[in-house]
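**Q** Using only what follows, build the 3D model:
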Amino acid sequence: MNSEQLTELAQQLRVDSVRVADAAGSGHPTSSMSAADLMADLLANHLRYDFDRPDHPGNDRLIFSKGHASPLLYSMYLAAGAIDEKEFLTYRTLGSRLEGHPTPRLPWVDVATGSLGQGLPEGVGMALAGQRLGPAPFRVWVLCGDSEMAEGSIWEAAEHAGDQHLDSLTLVIDVNRLGQRGPTRHQRDLDAYGRRLRAFGWHTVEIDGHDMDAVDAAFNEARSTSGRPTAIIAGTRKGRGVAAVEDREGMHGKPLPDAESAIEELGGRRSIRVRVAKPEPLATPAPGGGHNAAVDLPRYDLGDSVATRDAYGKALAALGTARGDVVVLDGEVSDSTRSEFFAKEHPERFFECYIAEQQMVAAAVGMQALGHVPYASTFAAFLTRAHDFLRMAAVSRASINVVGSHAGVAIGPDGPSQMGLEDLAMFRAVHGSTVLHPCDANQTARLVAAMHALPGVRYLRTLRGKTPVIYGPDEEFPVGGSKVLRRSDADRATLIAAGTTVHECLKAADLLAQEGIPVRVVDLYSVKPVDERTIQTAASDTDCLITVEDHHPEGGIGDAVAEVFSDGRPAPKRFVRLAVRNMPGSATPEEELRAAGIDAESIAAGLRLLMEQAVR
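**A** Below you'll find the predicted structure:
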């Protein structure tokens with residue numbers, strides 16, 4: 001399209017943004033109107049996308065990081081013929097695919113946005129996959145607002161993109177000066193953004209975002225720039241084209257006060273349809289494919305002493321040999337998480353994300369949108385930094401594997417800053433998640449392989465220290481299951497544990513057996529979903545449940561077990577939760593477990609006290 005036609009298309013996008021927000025009675029039309037010229041040119045002249053084949057591996061990727069500008073995105077879909085007028089007017093209504101912020105309920109949306117600062121990091125993940133795992137020649141276009149440029153995750157992404165020379169990535173910054181409550185930090189100082197991005201190795205183009213010739217020239221420059229990502233920094237005006245709202249404070253997130261008059265001021269409704277260019281046919285297979293052989297998992301002998309983090313790394317390497325779609329990301333601790341085993345065998349599919357946990361999780365979400373199966377690992381404690389990305393991964397319907405090592409007080413002398421004690425609660429709270437906590441090497445290996453085919457966000461918790469191998473290499477561990485390790489008809493209580501506390505419970509059970517107190521021991525390796533049947537049976541048989549976890553009492557194993565009885569099913573007479581209630585310091589693992597009251601002696605002592613109280 002030429003400049004005149006593009007200007008008309010941009011006005012159509014503005015009009016449609018105004019009227020769809022007006023029909024819904026809510027939305028962000030002014031934030032959409034500022035970027036309309038930019039997106040009109042991108043849609044008509046530069047985007048390569050087959051809307052009939054959203055899974056085409058050659059399609060460009062368009063991410064609205066400023067997801068509140070959804071009226072503009074949906075107006076683009078209307079112009080492209082992807083949706084019709086009837087669906088367009090369902091915006092923000094019950095059951096509509098056109099949600100207030102875009103999600104993958106729409107097949108043309110790869111990732112959910114709306115929590116600001118996430119689109120660029122996810123775009124970096126897609127560009128990384130395209131560059132390293134190819135060979136699809138797609139480009140990644142990310143529209144950001146100027147307000148979200150204050151987010152730290154944006155700058156994690158900017159540095160990573162510059163370091164990796166992601167020249168298929170173009171960031172378009174809609175610098176419209178106004179945020180939600182007033183002016184942004186840099187207002188319309190385009191060079192304030194440019195200086196920062198250039199420092200990270202970006203090519204930048206600063207333009208008037210309403211000058212259509214300049215906009216088109218900037219997109220052409222971005223497409224022809226090699227060796228580094230490009231940022232188009234566009235000065236715009238919020239509410240462009242309607243005098244009552246243009247560049248005025250207090251109009252964020254509101255339909256226009258007089259939509260009919262605004263539409264007339266914008267020149268009225270139009271019905272331009274855009275034939276978006278389709279990607280070139282691919283001569284080679286799509287990324288994410290490859291071999292699909294049987295997985296030759298590592299095998300460990302009973303009685304061996306192996307850290308579950310070691311078993312994770314070796315199982316991951318074996319899985320990577322059998323599955324060509326597996327990619328691994330790590331936060332500069334691969335020698336500790338043991339993802340280095342995968343990196344040594346499959347370096348082309350290993351991505352070092354450095355100490356940038358938000359970027360690591362975001363990259364995983366971006367890569368899975370392209371058909372890859374990511375495993376992202378760091379210390380369990382540091383995953384808390386990325387919680388918003390994990391929450392939004394669920395909104396994105398993303399399938400990612402996350403592994404947290406060095407969990408609990410059992411790591412010992414490193415102290416509380418390194419101890420993951422909130423991770424089970426965090427991941428259990430993520431919608432549709434799976435949470436697994438193996439206690440030995442063979443169990444870990446099996447669960448690593450099982451995670452590959454699971455939906456949603458799946459979390460595996462691994463341990464720093466070595467634990468005894470108590471399961472044979474051919475044992476099965478279905479997700480949602482558990483293992484009863486000690487059982488008799490005379491059991492007076494049930495100990496329920498996962499990870500390191502399984503071994504402490506087994507020791508405690510042996511101590512108590514010598515005193516004539518038989519107890520049941522359940523390894524609850526699947527913390528979510530939980531094995532309700534086994535727990536209910538134990539409650540019925542023993543009428544006394546004791547959960548033991550190397551985690552804070554809130555949100556972990558104790559809560560998972562308690563929820564089994566929350567619907568009114570018969571609960572045990574006695575239910576005790578042993579967990580880390582103190583603030584740990586630096587000590588040996590044995591001292592840490594004892595101080596927290598979750599070592600074998602403490603467990604046995606607590607159960608003796610319960611038995612004495614029951615007799616009184």
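**Q** From residue 307, how far out is residue 336?
**A** Note on residue 336: its distance to residue 307, by CB to CB, to the nearest Å, is 10 Å. Where you see a C-beta, it was placed from the backbone N, CA and C, and this is true even at glycine.
**Q** Please identify every residue contacting each of the two.
**A** residue 464 (CB atoms under 8 Å, 6 or more residues apart in numbering).
**Q** what about residue 527, is that helix, strand or coil?
**A** strand (DSSP: H, G, I helix; E, B strand; the rest coil).
**Q** and it, how many neighbours?
**A** 27 (other CB atoms under 10 Å).
**Q** Could you list which residues are in contact with it?
**A** 424, 428, 435, 436, 437, 498, 556, 557, 560.
**Q** The same query, at a cut-off of 7 Å, please.
**A** Listed by CB atoms under 7 Å, 6 or more residues apart in numbering, the contact partners of residue 527 are 424, 428, 435, 436, 437, 498, 557, 560.
**Q** what's the answer for residue 450, then?
**A** residue 479.
**Q** Check the secondary structure at it for me.
**A** helix.
**Q** what do you get for residue 317?
**A** helix.
**Q** Spit out the contact partners of it.
**A** 341, 342, 345.
**Q** if we go to 8 Å?
**A** Contacts of residue 317 by CB under 8 Å, 6+ apart are 341, 342, 344, 345, 346.
**Q** what about it, distance to residue 323?
**A** Residue 317 is 11 Å from residue 323, by CB to CB.
**Q** what does residue 388 give?
**A** 29 Å.
**Q** same thing with residue 9?
**A** Relative to residue 323, residue 9 is positioned 44 Å away (CB to CB).
**Q** These two: which has the busier surroundings?
**A** residue 9 (26 against 17).
**Q** Please, which helix or strand holds that one?
**A** Residue 9 is part of helix 3-24, with elements assigned from DSSP states H and E.
**Q** how about residue 477, what does it touch?
**A** Going by CB under 8 Å, 6+ apart, residue 477 touches 438, 443, 446, 447, 450, 471, 483, 525, 526.
**Q** That one: which element?
**A** Going by DSSP H and E, residue 477 is not part of any helix or strand.
**Q** In space, what's closest to it - neighbours in sequence excluded?
**A** Counting by CB to CB, 6 or more residues apart in numbering, residue 477 lies nearest to residue 446, which is 4.9 Å off, once chain neighbours are set aside.
**Q** same thing with residue 470?
**A** Distances taken as CB to CB, 6+ apart place residue 440 nearest to residue 470, at 5.2 Å, with adjacent residues excluded.
**Q** try residue 219
**A** residue 46 (4.7 Å).
**Q** Also residue 417?
**A** residue 381 (7.1 Å).
**Q** just residue 400 next, same as before
**A** Residue 400's closest residue in space is residue 364 (CB to CB, 6+ apart), at 4.6 Å.
**Q** Check residue 280 too.
**A** Closest to residue 280 by CB to CB, 6+ apart is residue 58, at 6.3 Å.
**Q** Is it correct that that neighbour is in contact with residue 134?
**A** No. Using CB atoms under 8 Å, residue 58 is not in contact with residue 134; the gap is 10.8 Å.
**Q** So between those two, which is more surrounded?
**A** residue 58 (18 against 14).
**Q** show me what contacts the more buried one?
**A** 48, 136, 137, 138, 279, 280, 281, 282.
**Q** cutoff 10 Å now
**A** By CB atoms under 10 Å, 6 or more residues apart in numbering, the contact set of residue 58 is 48-50, 135-138, 278-282, 286.
**Q** quick one: average pLDDT of the helix holding residue 9?
**A** The average pLDDT within helix 3-24 is 98.
**Q** Run through the neighbouring helices and strands of that helix.
**A** Applying 3 or more CB pairs under 10 Å, 6 or more residues apart in numbering; DSSP states H and E, we find helix 3-24 packed against helix 29-34, helix 36-41, helix 70-80, helix 85-88, helix 212-224, helix 259-265.
**Q** In the chain, where is pLDDT below threshold?
**A** 135, 283-291, 614-616 (pLDDT under 70).
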